[in-house]
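*Asks:* have a look; sequence and predicted model below, questions after that.
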Amino acid sequence: MTAKTALRPSRKSADSKPTKSPSKSSKKGKISSHMGKPVTVSKLKKKLRSLFSLYVRKRDGYKCVTCGKAGEGSQIHGGHFITGATCGTELYFDETNVHAQCYHCNINLSGNWVRYEDFMLRQYGLKHVEDLKKRRTLEMGRKVGTEWYEDRIVHYSGILIN
C-alpha cells in the first residue's frame, strides 16, 4: 500500500467498520519486535547459532573431540554428531549433540563420523547415542516458537558473560 492509498477515505458506508491494514508484525515471518523492529525466526536462529557455537567451542577448550587438534577462532567449529542438515531444531541445539571439531574433521571429513561416534559412546554411552539417533526422525520438521529461541539466547548469553 502506498502512502497515497493509505490516506484515501474508505468507500464503505458510514455504518460499516473500517478495515485494518495488516501491520508489519502480522506478516508471515515476523514474529516479535525489539525496540519497534520486527524480529524474524531466521534472525533469532542466527543469533542463537553464533552464541551456541561459541559456548560449545569454549566448553570443549577449543580442542577437536575427534582428532585432538587444538585451534582458535574459526579453526574450531561446533560439529554435530547428528548432522545439522538432518535434524530438527531442538536436536541441532542439543549440547550433547554438538562438540568442538577442527575444520578438517568437520568439513573435509564430513564430521569424521566413525571417530565422532567412538567419542560419543565413551562420553555418553550407547543408550544416549541411540536416543539421539531416534530423535533425528522424531523431531524432523518440528517447529519451535520465538520464545524457545529467545530463552536459549538469554541462557547462553548469561553463561558466556560469566
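*Replies:* Structure received.
*Asks:* going forward, measure contacts and count neighbours with C-alpha atoms only.
*Replies:* OK.
*Asks:* the strands in the protein, which residues?
*Replies:* 30-34, 37-40, 76-80, 98-102 (DSSP state E).
*Asks:* ok, and the closest non-adjacent residue to the residue nearest the centre of the chain?
*Replies:* By Cα atoms, centre = their mean, the chain has its centre lying nearest to K45, at 4.1 Å. Of all residues not flanking K45 in the chain, Y149 sits nearest, at 6.7 Å (Cα to Cα, 6 or more residues apart in numbering).
*Asks:* sorry, back to before: please convert the strands of the chain to CSV, extending it with mean neighbour count, distance to E117 and mean pLDDT.
*Replies:* Listed next are these as CSV, based on neighbours: other Cα atoms under 10 Å; distance: least, Cα to Cα, whole Å; pLDDT from 0 to 100:
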stretch, mean neighbour count, distance to E117, mean pLDDT
strand 30-34, 13, 38, 49
strand 37-40, 15, 35, 79
strand 76-80, 26, 11, 97
strand 98-102, 27, 12, 98
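*Asks:* now for the ones you listed, which one comes closest to S110?
*Replies:* S110 lies closest, by Cα to Cα, to one member of the strands of the chain: strand 76-80, at 9.4 Å.
*Asks:* show residues contacting stretch 61-71.
*Replies:* Residues outside stretch 61-71 that contact it (Cα atoms under 8 Å, 6 or more residues apart in numbering) are 57, 72, 76, 99-102, 105, 112, 115-116, 119.
*Asks:* how about 6 Å then?
*Replies:* 100-102, 115-116 (Cα atoms under 6 Å, 6 or more residues apart in numbering).
*Asks:* what angle separates the longest helix along the chain from strand 76-80?
*Replies:* What stands out as the longest helix in the chain, according to DSSP state H, is helix 41-59. Interaxial angle of helix 41-59 relative to strand 76-80 (axes from the mean of the first three to the mean of the last three Cα atoms, to 10 degrees): 110 degrees.
*Asks:* and helix 41-59, which residues are buried?
*Replies:* Applying a neighbour-count criterion of 16 or more other Cα atoms under 10 Å, one finds 41, 44-45, 48-49, 51-58 buried in helix 41-59.
*Asks:* with pLDDT and distance to C87 added, can I get the residues you listed in CSV?
*Replies:* Compiled in CSV, those are given as follows (pLDDT from 0 to 100; distance: Cα to Cα, whole Å):
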residue, pLDDT, distance to C87
V41, 91, 17
L44, 96, 18
K45, 95, 15
L48, 98, 16
R49, 97, 14
L51, 97, 19
F52, 98, 16
S53, 96, 16
L54, 96, 20
Y55, 97, 20
V56, 97, 18
R57, 97, 20
K58, 96, 23
